[in-house]
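Participant: Let's see this in three dimensions:
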Amino acid sequence: MYSTTLLVLDMQVGNFSEPDPIYNGTKLLSTIKSLIFKMRSDQGRIVYIQNIGSKGDPDEPGTPGYDFHPTLAPMKGDIVVHKSTPDAFHETSLQHELESRDVKKIIIGGLQTEYCIDTTCRRAFSLGYEVTLVKAGHSTWNGSILTAQQIIDHHNDVLGGWFVTTKEEREIVFEL
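Facilitator: Numbers count the residues shown, from 1 in each chain. Okay, here's the model as predicted:
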C-alpha cells in the first residue's frame with residue numbers, strides 16, 4: 001500500500017471557464033494530468049477534493065461548473081471528498097480516508113493558491129503529514145494588489161519555508 005497520496009483540489013470546470021478563467025489554466029491542467037498519470041501508472045491512490053460553491057459561484061452544485069474538469073475526472077477506485085471551506089480536512093472525511101490507508105505523505109496540487117492550497121497545506125502539516133506542494137501545480141486569479149503569478153510565487157516561498165517541500169512536477173516521485 002502506498003504511503004504517498006496525490007491530493008487534487010478543486011479542479012472543477014467552472015474555474016476554467018470564460019469570461020474569467022484561472023491563471024495559466026492550460027499549463028495547470030497539463031501538470032495535474034501528468035501527476036495523475038504517474039500516480040495511476042504506479043497504481044497509487046488519488047484523492048479528489050470537490051468544492052461545494054455557494055449560489056452563483058463557478059463551482060455551484062447542480063451547475064456544469066461543479067463537475068471535475070473532464071481531462072482529470074476521477075476513475076473507479078479514486079476517492080472523492082466534498083468540502084465547503086478552504087480547508088480540505090475541516091468537517092470532511094479526508095483525515096479518515098488518509099488514516100485508513102496509512103498515508104504519511106501528501107502531494108498537493110490544484111486550486112486556489114491563497115485559499116484552499118494554502119490552508120490545506122498548513123493543516124496537513126499540523127496533522128503530521130509530510131507535504132509536497134507542486135510549484136506549477138496550483139493557480140489562482142489576479143488579485144487587487146498582486147498578480148496571480150506573484151501570489152503563486154509568494155505561496156511557494158512562504159509555504160516552502162516551513163510547511164511543505166516545494167518541487168517541480170518532473171521531480172515528483174510516488175513512493176510505496
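Participant: remind me which residues of this protein are low pLDDT?
Facilitator: Applying pLDDT under 70 to the chain flags the ranges 1-2, 175-176.
Participant: Give me the longest helix you can find in it.
Facilitator: helix 25-41 (DSSP state H).
Participant: Do I have it right that residue 20 meets residue 141?
Facilitator: Yes - the pair formed by residue 20 and residue 141 meets the contact definition of C-beta atoms under 8 Å, at 6.7 Å. (C-beta placed from N, C-alpha, C; glycine too.)
Participant: related to what we said a few turns ago, residues in contact with the longest helix of the chain: which ones?
Facilitator: 6, 8, 11, 15-16, 22, 45-46, 69, 71-72, 75, 107, 109-111, 134, 136-139, 169, 172, 174 (C-beta atoms under 8 Å, 6 or more residues apart in numbering).
Participant: ok so, going back, residue 20 and residue 141 - which one has more neighbours?
Facilitator: residue 141 (16 against 10; other C-beta atoms under 10 Å).
Participant: The more buried one and residue 16 touch, don't they?
Facilitator: No - applying C-beta under 8 Å as the test, residue 141 and residue 16 come out as separate, 11.6 Å apart.
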